[in-house]
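Participant: Need a 3D model of the following:
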Amino acid sequence: MQTIISIKDLSKVYGSGFDALKNINLEIYRGEILALLGPNGAGKTTLISTICGIVSPTSGSVTVDGFDIINDFRKTRTMIGLVPQELTVGAFDTVWDTIRFSRGLFGSKRDDAYLEQLLKDLSLFDKKNDQIRFLSGGMKRRVLIAKALSHNPKVLFLDEPTAGVDVELRKDMWKIVHKLSDSGVTVILTTHYIEEAEEIADRVGVINNGELLLVESKDHLMETLGKKEFIIDLKEAIKKIPSSLNKHSIALTEDGMQISYTHVVKEEEETNISDVLNDITNSGLPIRDMKIVQSTLEDIFVDLVKDKS
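Facilitator: Here you go, the predicted structure:
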């Protein structure tokens, strides 16, 4: 895959001595959707702000499509669109004036046809002559996206794009992000909504205390860090687990009516789950029923942050 953003040994230390970013290394690929997860204050917004040139790094380097964000600032800034958390639009400006002005700020030639299509894609065309103050919160979010895309950027940053919006609007935003990715735009979003990352991201990065803990595809995360818990209901209570099962980490409930086995992929790569289930079946236990509980991306995220805290 072709890299569009390359981050090497990036650190940011504020004057107070606070380490906001600690030696970040990351390759972001052209056309992908990358979700950055982390608790409040983890460093997500600082990382985005640094790449966009809003915050100066203390050390390290960032390139966008091969251009350095410091030495080639004007070039890299034209390739980036940013949708901030806050609503940064003039209340008395119309939607049309807002995005035309934003395009002009980047020195892009006038292209009304492109802007009209952009508004149609974002379901804003019928609002083009409305003042921002008359729009709903969800529509204002869409205007921010239109502003960020007005100059045809290659990369779009969305900082907590669905914070404070209802579930229906959140799903509409997910559709917009997918459409942008399909058109070739690289999308990087920060979020603390786990289901958002599960729904739309190609890869997930986890940030905590200024450190990038990992960046993996969702499927790979589930395969390597996920857990499967096998819960077996018994027909009658037992007092202890049969000795033939001692080699496995099997738990027994206090009432003796249920046993469970948790399979952790990263710790038990050599364990064949079918062998464990066969041993349970052959143990002579009075099995009534069995269910499997699969860990979620949220479970993995919580475990990662807890381990690094």
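
Participant: As a check, name the ranges of all helices in the protein.
Facilitator: Shown for the chain, the helices assigned by DSSP state H span residues 44-51, 73-78, 95-105, 112-121, 137-149, 167-182, 194-200, 218-225, 273-282, 297-308.

Participant: can you list those helices in a markdown table and add distance to Leu252 and mean neighbour count?
Facilitator: Bear in mind the C-beta positions are built from the backbone N, C-alpha and C, glycine included. Shown next, in a markdown table, are the helices of the chain (distance: least, CB to CB, whole Å; neighbours: other CB atoms under 10 Å):
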| stretch | distance to Leu252 | mean neighbour count |
| --- | --- | --- |
| helix 44-51 | 42 | 23 |
| helix 73-78 | 59 | 16 |
| helix 95-105 | 63 | 19 |
| helix 112-121 | 57 | 15 |
| helix 137-149 | 51 | 21 |
| helix 167-182 | 40 | 15 |
| helix 194-200 | 32 | 18 |
| helix 218-225 | 26 | 16 |
| helix 273-282 | 12 | 14 |
| helix 297-308 | 23 | 16 |
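
Participant: Using a markdown table, lay out these together with distance to Met257 and mean pLDDT.
Facilitator: Converted to a markdown table, the helices of the chain look like this (distance: least, CB to CB, whole Å; pLDDT from 0 to 100):
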| stretch | distance to Met257 | mean pLDDT |
| --- | --- | --- |
| helix 44-51 | 45 | 92 |
| helix 73-78 | 62 | 91 |
| helix 95-105 | 62 | 93 |
| helix 112-121 | 56 | 92 |
| helix 137-149 | 49 | 88 |
| helix 167-182 | 38 | 81 |
| helix 194-200 | 33 | 79 |
| helix 218-225 | 30 | 68 |
| helix 273-282 | 15 | 83 |
| helix 297-308 | 25 | 66 |
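
Participant: how far away is Asp121 from Tyr114?
Facilitator: Going from Asp121 to Tyr114 by CB to CB, to the nearest Å gives 11 Å.

Participant: residues making contact with stretch 51-62?
Facilitator: Stretch 51-62 is contacted by residues 5-13, 21, 23-24, 46, 49-50, 64, 68-70, 73, 76-77, 80, 82, 157 when judged by CB atoms under 8 Å, 6 or more residues apart in numbering.
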